[in-house]
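Peer 1: Structure for this input, please:
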Amino acid sequence: MSPSATSLAPERLAPMANAIRALAMDAVEAANSGHPGMPMGMADVATVLYSQFLKFDPKAPKWPDRDRFVLSAGHGSMLLYALLYLTGYDAPTIDDIRRFRQLHSPCAGHPENTELDAVECTTGPLGQELAMAVGMAIAERHLNAEFGGDLVDHQTWVIAGDGCLMEGINHEAIGLAGNYQLGHLNVLWDSNHITIDGDTSLSTREDVLARYDATGWHTTQCDGHDYADIARALAEAAADPRPSLVACHTIIGKGAPHKQGTHNVHGSPLGADEIAAARKELGWTAEPFVIPQDILADWRSLGARGAATRAEWEARQIAAPRGDEFLSRMAGDLPALQGWHEYRAKLAADMPKLATRKSSEDALTVLTATVPAMVGGSADLTGSNNTKTKSTTEFSAADYAGRYLHYGIREFGMAAAMNGMALHGGIAPYGGTFLVFSDYCRNAIRLSAIQKARTIYVLTHDSIGLGEDGPTHQPIEQVASLRAIPELWVFRPADAMETAECWELALERKDGPSALALTRQNLPALRDDADQNRSAKGAYRLVAATAARRVVLLATGSEVQIAVEAAKALEQAGIGADVVSMPCWELFEAQDVTYQLSLIPEGALTVSIEAATTFGWHKWVGRDGLAIGIDRFGASAPAEELFPYFGLTAEAIVPQIKAKLGL
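Peer 2: Reported below is the predicted structural model:
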């Protein structure tokens, strides 16, 4: 929106900003919990943003070409809830705001994208939100390059605090944005010099603007309580071809006469006496949670303006040759997977011996050729993760149509940016690193799950099988740690066929993230069937006992072949043994008990085999079962020496099973 066309006089903006302040202090007081300082301090900036710059329509919160607004400082959630109510979104209602931070209120302590349609991303873990906004800006530029400016041409606006800019991920995120020259990304920094502990001088003397300048950003400053100066700075940011940081110099808790400007207003209710004093200071006479009609009308008029802009866009979308395709992309729909059936049939016929990271590359070659929404990348491990294909040319400032991002050594930033791309819509992001470095990404992976984002993590070098790089690079606890994240599907395929099946399942999933743990070392093919996706239930019987079943061997990934060898040895000894491949615990857990018991029947000795910690496996093997794994760190040696060293061979496992059976 053009500021000249939509600006309001300062005498009308001030009461509008005070409405935000009043709702913030009233809601936090009612909850006896929350952060009133940031909403009160940034109320003036937010009022200018919404009245003069932000492109939005409250009646269509998911309109594809809306501007994205990300409240990076999620602790100040009442700023966002107040803005949504005041501008006329269906939710939250004033009753929702009255129940701020209460059970079943959509006004959670930190904004959640699954609670309110107008919340672009779940915010709270400082720094990640700005990094997700980088991903949204990447998605916008990519889709603009593919579909054109008539369908995709919007800004991403962020309100961030001092803490957001201190977090390490901020360095990763702004480096990406500067390198890609994401000129439609604008960060409004609430520069109030206050954190929970006190003045920022306690912990930093960094020149933040110089750091952003050094990474290729445009920077400017404004008085965060001067409406004209705010508008000048935001207009400057919107016009610059580089990503922009606007340092908005504000007073935290603005309007609370005895607490403003101090850390006492950061994360605690103001208290009845200070609220009374603030009302007097602001000239606010309305009762709690009541917005005078003239002020509410001014706010609602801003929301109503967006309808005409959206209608113009909808007309362009209907007329556009690829308009329907664009809507389908934004809805997360996938095209028919051309060549996929033939690819799987070829795997069944050829039974290739491949590392599953290579099998993943082969699957991606087919998938990326037919699914243009797939945008890949790697944290400087492209040749090791095998994530690039012929269809994914480099995304760069010179070519936003590219579908492959070189994230550099920025695992956390990569993961958060992928979340932003997925949440923006129109993109199905996947990115690679070593499994052991998933720890760097962990909080972003957790947010993938919380936000139900279709983000796919390609995590290679999944065990001691990576060999000589040793214990710093050999995952032990990482798979178990990822399995502990609710709603994350963790796949550990055993061969090329399972890898293809796991990719199909991850890509078809719209409502959550997936992680593929893949080997460095070659694995033999174990399947010659391609009629159905046997991994879809999370586990299946790969080998059935020929003698009377006494043992069920559960295994994942590279250890499935060891389980097959152990089963053969047991059968030769007259001990019937099933082999159950278990590529995804989460999908197996979702099956009914009848199916679970058909694979893990009562009365048989259940044995798990995995080149990782045994933590969690007793859920499946029971108290009387055997969990065989590695409950210590690895060692530096060739892979073919490490598996015998750690007892992960049929020769080492079979005697343990016989002893458990009393033989």
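
Peer 1: Low-confidence stretches in this protein?
Peer 2: 1-7 (pLDDT under 70).

Peer 1: try it again with 50
Peer 2: Applying pLDDT under 50 to the chain picks out residues 1-5.

Peer 1: My guess is G376 contacts G402. True?
Peer 2: No: using Cβ atoms under 8 Å, G376 makes no contact with G402, being 10.2 Å away. Any C-beta I mention is one placed from the backbone N, CA and C, and that applies to glycine too.

Peer 1: Tell me which of these two has more neighbours.
Peer 2: The neighbour comparison of G376 against G402 (other Cβ atoms under 10 Å) goes to G376, with 25 against 16.

Peer 1: what sits in contact with each of G376 and G402?
Peer 2: Counting by Cβ atoms under 8 Å, 6 or more residues apart in numbering, the shared contacts of G376 and G402 are T392.

Peer 1: What is the neighbour count of the residue nearest to A336 when sequence neighbours are not counted?
Peer 2: Setting aside the residues directly before and after it, A336 is nearest to T370 in space (Cβ to Cβ, 6 or more residues apart in numbering), at 7.5 Å. Residues near T370, counting by other Cβ under 10 Å, number 15.

Peer 1: Likewise for P486?
Peer 2: Close neighbours of P486, defined as other Cβ under 10 Å, add up to 10.

Peer 1: Can you report phi and psi for it?
Peer 2: Phi and psi for P486, reported as degrees, to the nearest 10, are phi -60, psi 140.

Peer 1: which non-adjacent residue is nearest it?
Peer 2: A449 (6.1 Å).

Peer 1: check contacts around the one you found.
Peer 2: The contact partners of A449, by Cβ under 8 Å, 6+ apart, come to I485, P486, E487, L488, G512, P513.

Peer 1: Could you identify the buried members of those residues?
Peer 2: I485, L488, G512, P513 (16 or more other Cβ atoms under 10 Å).

Peer 1: Check these and tell me the two furthest apart.
Peer 2: I485 and G512 (10.3 Å; Cβ to Cβ).

Peer 1: Specify the local secondary structure of L447.
Peer 2: Secondary structure for L447, judged by DSSP: H, G, I helix; E, B strand; the rest coil, is helix.

Peer 1: burial count for it?
Peer 2: 25.

Peer 1: how far away is it from A160?
Peer 2: Look at L447 and A160: by Cβ to Cβ, to the nearest Å, they are 16 Å apart.

Peer 1: Also F643?
Peer 2: Distance of F643 to A160, given as Cβ to Cβ: 48 Å.

Peer 1: L466 too?
Peer 2: Note on L466: its distance to A160, by Cβ to Cβ, is 38 Å.

Peer 1: ditto for R101
Peer 2: Distance, R101 to A160, using Cβ to Cβ: 22 Å.

Peer 1: Between those two, which is the more surrounded one?
Peer 2: Neighbour count, other Cβ under 10 Å: between R101 and A160, A160 has more, with 26 against 18.

Peer 1: Can you name the residues bridging to the more buried one?
Peer 2: Here A160 sits in beta bridges with W189, going by DSSP bridges.

Peer 1: That one reaches D190, doesn't it?
Peer 2: Yes: counting by Cβ under 8 Å, D190 is a contact partner of A160 at 6.8 Å.

Peer 1: shared neighbours of these two, which are they?
Peer 2: Common contacts of A160 and D190, defined by Cβ under 8 Å, 6+ apart, comprise A73.

Peer 1: distance of the nearest residue to A494 once chain neighbours are set aside from P583?
Peer 2: Nearest non-adjacent residue to A494, counting by Cβ to Cβ, 6+ apart: V560, 3.7 Å away. V560 sits 9 Å away from P583, going by Cβ to Cβ.

Peer 1: Between those two, which contacts overlap?
Peer 2: The overlap between the contact sets of V560 and P583 (Cβ under 8 Å, 6+ apart) consists of A494.

Peer 1: now the strands: where do they sit in the stretch 51-200 of the chain?
Peer 2: Here the stretch 51-200 of the chain has its strands, by DSSP state E, counting those that start in this stretch, at 68-71, 156-161, 185-191, 194-195, 198-199.

Peer 1: Any idea which of these gets closest to C107?
Peer 2: Closest to C107 of the strands of the stretch 51-200 of the chain is strand 68-71 (Cβ to Cβ; 12.8 Å).

Peer 1: ok, L648 - how many residues close by?
Peer 2: When neighbours are defined as other Cβ under 10 Å, L648 has 22 of them.

Peer 1: meant to ask about A517
Peer 2: 29.

Peer 1: which stretches of the stretch 351-500 of the chain form helices?
Peer 2: Ranges of helices in the stretch 351-500 of the chain, per DSSP state H, counting those that start in this stretch, are 356-370, 382-385, 411-424, 438-450, 478-483, 496-508.

Peer 1: Relative to I196, which of those is closest?
Peer 2: Closest to I196 of these is helix 438-450 (Cβ to Cβ; 19.0 Å).

Peer 1: Distance-wise, check the residue nearest to P486 relative to P125.
Peer 2: According to Cβ to Cβ, A449 and P125 sit 13 Å apart.

Peer 1: Kindly report the same for S481.
Peer 2: 17 Å.

Peer 1: Go ahead and confirm W217 touches G175.
Peer 2: No: contact criterion Cβ under 8 Å: W217 and G175 do not qualify, at 10.0 Å.
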